[in-house]
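J.: From the sequence below, what's the structure:
(chains A and B)
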Amino acid sequence: MVIRTRDKGDVIVFDIEGEIRRSEVTEATLHQLVKTQLDSGKKNILLNFQRVEFIDSFGVGEILASYISTQNLGGKLKLAKISKKLYLIFQVTMLTKVLEIFEDEQLALESFDKR
Amino acid sequence: MSTSRLHGFLSRFVDIKPGEERLALFFFFYFFFITAPYSIIKSVRDARYLDEVGSVWLPVAYFLTALIMGLVVALQSKLQVRVRSSLLIVWSLLFFMLTAAAFWHLFRHGWAWVPVAFWVWANVFIVILVTQFWILVNEVFNPREAKRLIGFFGSGGILGGVLGGVATGFLGRTRISDDLLLIAGAMLLASVLMIRLVFAGHEKSGGGRGQASAGEPPASGTGSEAGFRTCYETVRKDNYLRLLAAVVLVTGIVSTLIDWQSKNVIENTMIGRKNLTAFFGYFNAGVLIFPFFLQLLITSNFIRRFGIRTSLLIYPMILLLCSIGIAVAPVLFFAVMIKGNDKSLSFSLNQSVRELLYIPISPAVKYRAKIFIDMFLNRVAKGLGAILLMALIFIPLPFGRPFRIQLVSIWSAAFIMGWILLNIRISREYTNTVKQKLEVKWDRADRQIAEKLDLDYARLVFDTIESRERSSVLYAMHLFDLIKQDRLTPEVKLLITQKADEMRITPLGALFEAEDTNLMPATDEWLPPDVVKKEVLEILSLDVYQEVMKSYIERALASTGRENETVRMEVAKALGMLPPDSPLAAGLEGLLEETSPAVARYALQSAGKLGKREYVPALIQKLGSPMTREDALEALEKYGPRISGTLSDFLGAAEENLEVRKGVSQALARISNQDAADYLLWQLDAEEEELADELIDGLDKIRCEKPSVRFSEETVSRALHREIRGYFGLLAASRNPERRAGQKGREAGVEMDLNKRTLNVFKLLGLIYPHEDIFRAYQNVLKSTKESTAYAVELLDNTLGKDSREAVLAIVEDIPLAERIERYKALDRGARRA
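T.: Numbering: from 1, shown residues only, chains lettered A, B, ... in the order given. Predicted coordinates:
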């Protein structure tokens, strides 16, 4: 799994590539990377899933832990460009009840301003 | 005078911020030019009434005033919502100027009704103009600003009263005695000028202070189209306003009783009209000069230092003591004390605190409430006081006339006690009202997830899908878990039986709603879940199964390397399905040592299910890696409170890996009982800087999860002061030029550390004060407007004990950095001396 970050105004975009699995973690976990951004004062995070093929239960835990850390500091964490397959699984497991998911990155970025 | 010199001068008397000087001075003189003419008018009123009508008929004047005031209130309330307050105030001032001149003319005719009409007019004058003044203060300033400046404004009013009185005393013996009303009218002209300057100054500052709508009538649609009845209904329907009204009612009654108590004792002590006149001359000057200095120098500081509640109690407490004193010994000392304190404190401390009580009320409601309470009810209270007094004085008593003063004093003391109780209640309600001004900006995400999501189920679905590609055995075991939990729904069946490349791109809703959809495209022969459950559990409990599997498990455990990882995963998962007393479960210990996170994960899950004590040390070690921490935490959580002692041993072991200890802190937070809280708190008291964030976070989680858990206030307070010291240490270091040079590029880091310290301070406060209130305040301090920050600070000011209040306010209040540090240094010096 490779994660690159982009600065989009008040929002930090995480471009994630590969699979968010326990076995795919190299240097730092997604949650650790999100916490680093939060510590530096960036509190709006967008996870771009365009190139994410699959996530396992560890990945779900990482996303939710990132969501909790962000939200509890008064920030927002959202997801964009998630595949239909993953979206289906998110729906069945009711993750869509908690996480805000957007089809398009631009829409997601605009949604941060609408608070 | 330049602004900085003006600021330097004013800041000797009042806690004033740069930029507030001119507006504060305009308010000061606006009030001055209302009370100075009133002081003249009041003297003329009393003199004319006593001379031309007589004191016997004073109750008539009281009742007429109460009656007329009702009509005036109705008219004022209608005008208040139709006319901009800037215009209404100017019109009111012009009206009183013209009518003062009219009375000056009418008095020349010597008609008997004129002094009575003038008495009523004078009372309407003061009520209308003073109420308008305080409404404007309420509109322009927020609670924090008002708390600092209100004493200064009040002293302007008192100074006006003193100088107006002195001028009357001086001019009263001269030839222009009959023209005093014209002088009072001219003074009102200066008041018109001041009000123009107030509005100009407020607009110049962008109207940024207080309610931005200052000068505007309350917004339409807020139900502010108010007549007298609407004003009354507004008060009747609101608990807080009802309490305010009750306080004003009782205060008015007490004030009337006290006036009679003092005058009765003085009358029986002093002999001769000259003595009485001289006494009242000195006394009246004293009761205005004393509150002037009290207001200017003490009131604001007193309210800031001791808060609303104590400030509300001081006044009635003193009156209670004096009233009891008169009941026991009706001597001049107590008479002077009771009347002197009544006049002094009602003009200074009590007036200021009472105005502060109105600050958290929205402008539209405030207009209506003030009209009813301050203009109408205040007069009614005096009327009721007079009726009670007449009853107490004129109803025949078996013990005779000499004991009337004792009887009135006892009644007075009883009313004062009721007043004290009302004040205690209203100070509580005040905090609640401030709280309502603060919106909750966000909910705790962990609570939100716990409410909306079954996380175990979500993870199981993901694991099932993942295992389908990896191993049919793991896949089957996951299916069995779903069956056991009765969660193998048609939707899940569809999801897990479709291969990745078969996954359709139709939305899920449409997929499930289509009646002809084949829900099980890959497998259409599913056994009934209860049959599967029964059969699998029977097989697992067979002795022969245990025997056969023993050799297989031993072989699997012996196999190492990546190619056998799946086999070990299968075994790790299977062991969790066995009964805890199975001899095969011993194999799990080896799997818990696995370096492969995938195998370790299944082993951790199984350990949590089996719950054997011997696994605990290995589980704790898995807290050290971010890859296995979450699974280890879940497993340890399943053990529950019985392992909190073991966890605390690891937490306290300084030689242990720091990441493991941080994980242990989280594990204790998940166990979330009294013991866990005590262990975390003890460790926090050990002052290990690198663990502090994690420990405080854990304690905060317990506080949220289990409100019944108690935290030692002493220990929390020590930790709180360490965090506060750390915050100001960082702040001071960031301002030190030498240290700053060595920390170039670290500004963001310092900001980050300050934010963390602030969050820790609030988390610690949340342990010993109402958690919801503290976090409401935190959220509004963190991301809000100047207004909501002010209300948040006000909430903290009224919630926190004096031990931490000033230091916490120095962190969150909207003040310059240098002042912030200086304020803390002063507190720290004080604490060290203590």
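
J.: Which parts of chain A are strands?
T.: Counting by DSSP state E, one finds strands in chain A at the ranges A:2-8, A:11-20, A:44-55, A:76-80, A:100-102.

J.: list the helices and strands the second one packs on?
T.: Right, the one you point to is strand A:11-20. For strand A:11-20, the packing partners by 3 or more Cβ pairs under 8 Å, 6 or more residues apart in numbering or on different chains; DSSP states H and E come out as strand A:2-8, helix A:30-39, strand A:44-55, helix A:57-72, helix A:105-113. Using the backbone N, CA and C atoms, a C-beta is placed for each residue, glycine as well.

J.: quick one on the thing from earlier: could you export the strands of chain A as JSON lines, including mean neighbour count and distance to B:E694?
T.: Converted to JSON lines, the strands of chain A look like this (neighbours: other Cβ atoms under 10 Å in any protein chain shown; distance: least, Cβ to Cβ, whole Å):
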{"stretch": "strand A:2-8", "mean neighbour count": "13", "distance to B:E694": "24"}
{"stretch": "strand A:11-20", "mean neighbour count": "19", "distance to B:E694": "24"}
{"stretch": "strand A:44-55", "mean neighbour count": "20", "distance to B:E694": "22"}
{"stretch": "strand A:76-80", "mean neighbour count": "21", "distance to B:E694": "21"}
{"stretch": "strand A:100-102", "mean neighbour count": "17", "distance to B:E694": "29"}
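
J.: Mind putting those into JSON lines with distance to B:V235?
T.: Output for these, formatted as JSON lines (distance: least, Cβ to Cβ, whole Å):
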{"stretch": "strand A:2-8", "distance to B:V235": "52"}
{"stretch": "strand A:11-20", "distance to B:V235": "48"}
{"stretch": "strand A:44-55", "distance to B:V235": "45"}
{"stretch": "strand A:76-80", "distance to B:V235": "42"}
{"stretch": "strand A:100-102", "distance to B:V235": "44"}
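
J.: For B:Y778, find the nearest of these.
T.: Counting by Cβ to Cβ, B:Y778 lies closest to strand A:76-80 out of those; the figure is 17.5 Å.

J.: Quick one: mean pLDDT for the closest one?
T.: Across strand A:76-80, the average pLDDT comes to 95.

J.: That strand: partners in the sheet, and parallel or antiparallel?
T.: Sheet pairing here is set by DSSP bridges, and for strand A:76-80 it gives strand A:44-55 (parallel), strand A:100-102 (parallel).

J.: what's the closest of those to B:A831?
T.: strand A:44-55 (39.5 Å).

J.: if you average pLDDT over that closest one, what comes out?
T.: pLDDT averaged over strand A:44-55 gives 91.

J.: Okay, and the beta partners of the closest residue in space to A:N44 that isn't next to it in sequence?
T.: Of all residues not flanking A:N44 in the chain, A:V11 sits nearest, at 4.4 Å (Cβ to Cβ, 6 or more residues apart in numbering or on different chains). Taking DSSP bridges as the rule, A:V11 bridges to A:K8, A:N44.

J.: so how many other residues sit close to B:S541?
T.: 12 (other Cβ atoms under 10 Å in any protein chain shown).
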